[in-house]
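Undergrad: Sequence and predicted structure, then a few things I'm wondering about:
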Amino acid sequence: MTPPLLDTIHTPADLRALAPAELPKLAAELREYLVDSVAHTGGHLASNLGAVELTLALHYVFDTPADRIVWDVGHQSYAHKILTGRRDAMAGLRQAGGIAGFPRRAESEYDAFGTGHSSTSISAALGMAEAFHQQGSDRRAVAVIGDGAMTAGMAFEALNNAGATELPLLVVLNDNDMSISPNVGALNNYLARLMSGKFYAAARRAGEKVLSVAPPIRELAKRAEEHMKGMVTPGTLFEEFGFNYIGPIDGHDLDVLLDTLSNIKQLNGPQFLHIVTKKGKGYAPAEANPCLYHGVSRFDPAAGVAEKSGGKPTYTQVFGDWLCDMAAADTRLVGITPAMREGSGLVRFSQEFPRRYFDVGIAEQHALTFAAGLACEGIKPVVAIYSTFLQRAYDQLIHDVALQDLPVMLAIDRAGLVGADGPTHAGSFDLSFLRCIPNMLIAAPSDENECRRLLTTAFLHDGPSAVRYPRGSGTGAAIEPGLQPLEIGKGVLRRNGRGVALIAFGSLVAPALAAAEALDASVADMRFVKPLDINLLRDLAHRHRLLVTLEENAVAGGAGAAVAEALAELGVTMPMLHLGLPDTFIEHGDPQKMLADCGLDAAGIERAVHRRITLLPH
């Protein structure tokens, strides 16, 4: 029995030793392995199944790792990882101590650039191409970007820059959603091969030289060419950026991919290859429902992924239900998301209020300024955004929203650690970067019911506001009906103890209460990071020997620092302990173990307090 081809592939050099006719068999084996592997570990599936042939073709044609491939966002790089010596490591994908779900430079020499956020590939690959040029090297740089990532302004900034150079940069648009399927067929594949060939490029240059002596004829010829290409390709836009546009071609046809990429490799100047692929290719359930199979937990490949139902509601679901209820109560409300409808809990809202729902694409900067414009004219925008992606719109938050004191509300999901997605997706810094902005209201709910009430509070506030909540479920608190706000800047004492006061924010109120039983400590649920409940802090400082702040955010500049600053303003000097996320990027793993490793579970809090107590004067 012939062993699987995949067993013989340990590096791309092994791949390049195969005959082209063997690659379709390898693609089939690779797909089968991907489904089985991700079924055991969880992870991104549909996007990886759609990129199998492209991955094979790129590593077959280009001399990796000397030539560089930059994957954007990087959640489609599993086949790349398998082909570059990490097949066995896939068993530990996204698990503590295992390989990451995104490319990482520290993980492999084949991972040219660390990714996880979208739309960075063209900028990074252009930088590499320029570095090769300055070094006198003929190495090549390739950016692989999806049609979703192409909605971000950063991608077009990079295209604009790259098109003005003569660098041999290749941008591959992996298009699995644009409505261009009629263009994908034998004729279009033939034209793409023709346009990527040396003869076409040489003929074009010769024609330009001949026609340059007769500018009117040259202009006519240029327009005729653009018109003809426009009839069969949507590439005019990219041509205007200065790229030679080729495609669209079938991204699952290895013969066409290999021929086209081989031709492009011989060309100079910026090249843009447009391929069309199908998410979930080769696994019927993922093809039928690529959204469900975008990111999956462990599942049985034979049975497929089960739709989630029952159990405690997640914070995302609490937000989604609140948004619909508040929209019904206030017609000024609109919901905005930067391409995260499902992840941020806006599916129901988009269905019930379609005219008040705006998915602006992967364009966080635009989302914030768009919201600011709406707010200027009496609309009440709610921007649903992950903490890690809000970082990308920081200037717009300061300059366009906060400086003008506009009532834009941020519903910040995935605050704190996020488990398997790791440091690229962790919301470790939002309290630190938000609280220094004037005019901001910042709230951190400790359970599901408090989340609903704080969302209402923030929405009714006449100024910039943010409510940050973690991934997953909370304590399972009963959710009260209605839309009742809480008093701004007012915390609540959850437990009255002696000696030590635990001043907790958001998700760490629950472990603080658990630790307080062993410590006989007081516990304050602060609810608000800005403004702080100064009266509650003053009282706690007066009645206790040690104050301990707790937050699922970086200690540096976070909520604990805000407490220390507030007490200093009051002239209060006393022992304090600040517990939060350490000054490092925390690797992926199980969320609860990650918190425990940071000392932010009940046992860790208890240990830290006991250590600090031993240093107190008797």
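TA: Happy to help now that I have it. This one's a predicted model, so the numbers in the text were calculated from it and none came from an experiment.
Undergrad: Show me where the stretch 301-450 of the chain has its strands.
TA: Applying DSSP state E, counting those that start in this stretch to the stretch 301-450 of the chain gives strands spanning 333-337, 357-359, 380-386, 409-413, 441-443.
Undergrad: Show me the one of these that comes nearest residue 421.
TA: strand 380-386 (9.9 Å; C-beta to C-beta). Bear in mind the C-beta positions are built from the backbone N, C-alpha and C, glycine included.
Undergrad: Counting by contacts, list what the closest one packs against.
TA: Taking 3 or more C-beta pairs under 8 Å, 6 or more residues apart in numbering; DSSP states H and E as contact, the helices and strands that strand 380-386 lies on are helix 315-329, strand 333-337, helix 364-376, strand 409-413.
Undergrad: That strand pairs with which strands?
TA: According to DSSP bridges, strand 380-386 has the following sheet partners: strand 333-337 (parallel), strand 409-413 (parallel).
Undergrad: Number of residues surrounding residue 436?
TA: Summarising burial for residue 436: neighbours were counted as other C-beta atoms under 10 Å, giving 13.
Undergrad: can you give me phi and psi for it?
TA: Backbone torsions for residue 436, taken as degrees, to the nearest 10, come to phi -80, psi 0.
Undergrad: related to what we said a few turns ago, the helices and strands packed on strand 380-386: which one's closest to residue 447?
TA: Comparison of the helices and strands packed on strand 380-386 against residue 447 by C-beta to C-beta identifies helix 315-329 as nearest, at 9.4 Å.
Undergrad: Rebuild the strands of the stretch 301-450 of the chain as JSON lines, extending it with distance to residue 96.
TA: Below are the strands of the stretch 301-450 of the chain laid out as JSON lines (distance: least, C-beta to C-beta, whole Å):
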{"stretch": "strand 333-337", "distance to residue 96": "31"}
{"stretch": "strand 357-359", "distance to residue 96": "34"}
{"stretch": "strand 380-386", "distance to residue 96": "22"}
{"stretch": "strand 409-413", "distance to residue 96": "23"}
{"stretch": "strand 441-443", "distance to residue 96": "31"}
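Undergrad: Show me the one of those that comes nearest residue 586.
TA: By C-beta to C-beta (comparing all of those), the closest turns out to be strand 380-386, at 16.3 Å.
Undergrad: Tell me the spacing between residue 322 and residue 458.
TA: Distance, residue 322 to residue 458, by C-beta to C-beta, to the nearest Å: 11 Å.
Undergrad: my bad, should have said residue 568
TA: In this structure, residue 568 and residue 458 are separated by 27 Å, where distance is defined by C-beta to C-beta.
Undergrad: Most tightly packed of the strands paired with strand 380-386?
TA: The highest mean neighbour count among the strands paired with strand 380-386, using mean count of other C-beta atoms under 10 Å, belongs to strand 409-413: a mean of 28.
Undergrad: which residues sit against it?
TA: Outside of strand 409-413, the residues within contact range by C-beta atoms under 8 Å, 6 or more residues apart in numbering are 315-316, 319, 323, 343-345, 380-387, 390, 397, 427, 430, 455, 458-459, 461, 464-469, 471.
Undergrad: correct me, but residue 575 touches residue 613?
TA: No - proximity of residue 575 to residue 613 does not meet the contact threshold set by C-beta atoms under 8 Å, at 9.0 Å.
Undergrad: shared neighbours of the two, which are they?
TA: Listed as contacting both residue 575 and residue 613 by C-beta under 8 Å, 6+ apart are residue 546.
Undergrad: Need the three-state assignment for residue 23.
TA: helix (DSSP: H, G, I helix; E, B strand; the rest coil).
Undergrad: can you count the residues close to it?
TA: For residue 23, the tally of surrounding residues (other C-beta under 10 Å) stands at 21.
Undergrad: residues in contact with the residue nearest to it when sequence neighbours are not counted?
TA: In space, residue 23 comes closest to residue 254 once its chain neighbours are excluded; the distance is 5.0 Å by C-beta to C-beta, 6 or more residues apart in numbering. In this structure, residue 254 makes contact with 20, 23-24, 27, 53, 56-57, judged by C-beta under 8 Å, 6+ apart.
Undergrad: What subset of those is buried?
TA: When neighbours are counted using 16 or more other C-beta atoms under 10 Å, the contacts of residue 254 contain these buried positions: 23, 27, 53, 56-57.
Undergrad: now, which of those sits nearest residue 263?
TA: Compare each of the buried ones among the contacts of residue 254 with residue 263 using C-beta to C-beta and the shortest gap goes to residue 57, at 12.3 Å.
Undergrad: which SS class is the spatially closest residue to that closest one that is not a sequence neighbour?
TA: For residue 57, the nearest residue in space outside its immediate sequence neighbours is residue 257; the separation is 3.9 Å by C-beta to C-beta, 6+ apart. Put simply, residue 257 is helix when judged by three-state DSSP.
Undergrad: Tally up the residues packed near residue 257, please.
TA: Residues contacting residue 257 under the criterion other C-beta under 10 Å number 26.
Undergrad: same thing with residue 139?
TA: Per other C-beta under 10 Å, the neighbour tally for residue 139 reads 17.
Undergrad: got the end-to-end distance for stretch 583-602?
TA: Between the opening and closing residues of stretch 583-602 there is a gap of 21 Å (C-alpha to C-alpha, to the nearest Å).
Undergrad: so how far is it from its chain's centroid?
TA: Stretch 583-602 sits 20 Å away from the centroid of its parent chain (C-alpha atoms, centre = their mean, to the nearest Å).
Undergrad: Ok, stretch 564-583 next?
TA: Computed by C-alpha atoms, centre = their mean, the chain-centroid distance of stretch 564-583 equals 33 Å.
Undergrad: the bottom helix or strand of this structure by mean pLDDT?
TA: In the chain, no helix or strand scores lower on mean pLDDT, DSSP states H and E than helix 215-232, which sits at a mean of 52.
Undergrad: Next, residue 114: secondary structure please.
TA: Note that with three-state DSSP, the state of residue 114 is coil.
Undergrad: Surely it touches residue 103?
TA: Yes - because the distance of 6.1 Å satisfies C-beta under 8 Å, residue 114 is recorded as touching residue 103.
Undergrad: Looking at the two, which one has more neighbours?
TA: More crowded of residue 114 and residue 103, by other C-beta under 10 Å: residue 103, with 25 against 19.
Undergrad: TSV for the strands paired with strand 380-386, including mean pLDDT and distance to residue 355?
TA: Below are the strands paired with strand 380-386 laid out as TSV (pLDDT from 0 to 100; distance: least, C-beta to C-beta, whole Å):
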stretch	mean pLDDT	distance to residue 355
strand 333-337	97	9
strand 409-413	98	19
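Undergrad: Kindly present those as CSV, with separate columns for distance to residue 241.
TA: Formatted as CSV, the entries for the strands paired with strand 380-386 read as follows, by distance: least, C-beta to C-beta, whole Å:
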stretch, distance to residue 241
strand 333-337, 28
strand 409-413, 33
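Undergrad: Of all these, which one is nearest residue 88?
TA: Within these, the stretch nearest residue 88 is strand 409-413; the backing value is 34.3 Å (C-beta to C-beta).
Undergrad: now the angle from the closest one to helix 364-376?
TA: Orientation check (axes from the mean of the first three to the mean of the last three C-alpha atoms, to 10 degrees): strand 409-413 against helix 364-376 gives 150 degrees.
Undergrad: ok, residue 261 to residue 459 distance?
TA: Distance from residue 261 to residue 459, counting by C-beta to C-beta: 51 Å.
Undergrad: can you check residue 26 too?
TA: From residue 26 over to residue 459 (counting by C-beta to C-beta), the distance is 54 Å.
Undergrad: related to what we said a few turns ago, closest one to residue 421 among the helices and strands packed on strand 380-386?
TA: When the helices and strands packed on strand 380-386 are compared by C-beta to C-beta, strand 409-413 sits nearest residue 421, at 12.4 Å.
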